[in-house]
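Chemist: Sequence plus the predicted model coming up.
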Amino acid sequence: MDTISIARAFASFGAEIAQQRSLSAVAADGSLVLVCQTGGFSRPGVGVLRYTAQLSTAPQTRLAALRTHISEAHSAGTIVRLVIETLKTAQSSSRAHVRPDLVGKITGFDGNEYMVDFSRPEPPAPEPKPRRR
């Protein structure tokens, strides 16, 4: 995974952000692009990467847009695109990674806590080859 800026990560999915530290945006295709922190992931089953977080832990300056995006995507069943952010430590700066291979759906939202299940989409079935006679 390549490390890129948050703005470039959003742009790779066709989304523009209003401020540099945005946590979500709607892409041109209608999908939700969501920044997920590395510590919020679990593996509840085979082929599923679950992200769980709470809106109450989000910075107040980014909360309104994030709440609106999560709520709308949950009610509409919108697909979610993944940007993973590794937070700054004493030894390294924060990093963002784009995961175009994973597609998610918001599977739970109670007004504060939300869950997004990511998986790899099924590859298209190969077209059957014509039989020789």
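Modeler: In hand now; what should we look at?
Chemist: now the strands for this protein?
Modeler: 24-26, 32-37, 41-45, 48-54, 79-86, 95-109, 113-119 (DSSP state E).
Chemist: what does the last one rub up against?
Modeler: Read that as strand 113-119. Here strand 113-119 makes contact (CB atoms under 8 Å, 6 or more residues apart in numbering) with 34, 36, 44, 47-55, 70, 74, 80, 82, 99, 102-109. In this view, the C-beta of every residue, glycine as well, is placed from N, C-alpha and C.
Chemist: same check, this time on the fifth one
Modeler: Applying CB under 8 Å, 6+ apart, the external contacts of strand 79-86 come out as 1, 6, 9-10, 13, 15, 27, 31-38, 51, 73, 92, 94-100, 102-106, 116, 118.
Chemist: What's the PyMOL syntax to select whichever of those residues are buried?
Modeler: Here is the PyMOL selection string for the buried members of those, based on 16 or more other CB atoms under 10 Å:
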select buried, resi 6+9+10+13+15+27+31+32+33+34+35+36+51+73+95+96+98+99+102+103+104+105+106+116+118
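Chemist: Now do the most centrally placed residue in the chain against Gly108, distance only.
Modeler: Nearest residue to the geometric centre of the chain (CA atoms, centre = their mean): Leu82, 2.7 Å. According to CB to CB, to the nearest Å, Leu82 stands 17 Å off from Gly108.
Chemist: same deal with Arg95?
Modeler: 28 Å.
Chemist: Can you find the helix or strand of the chain with the lowest average pLDDT?
Modeler: Counting by mean pLDDT, DSSP states H and E, the chain has its least confident helix or strand at helix 6-12, which shows a mean of 87.
Chemist: so how far is Arg8 from Asp110?
Modeler: Distance of Asp110 to Arg8, given as CB to CB: 32 Å.
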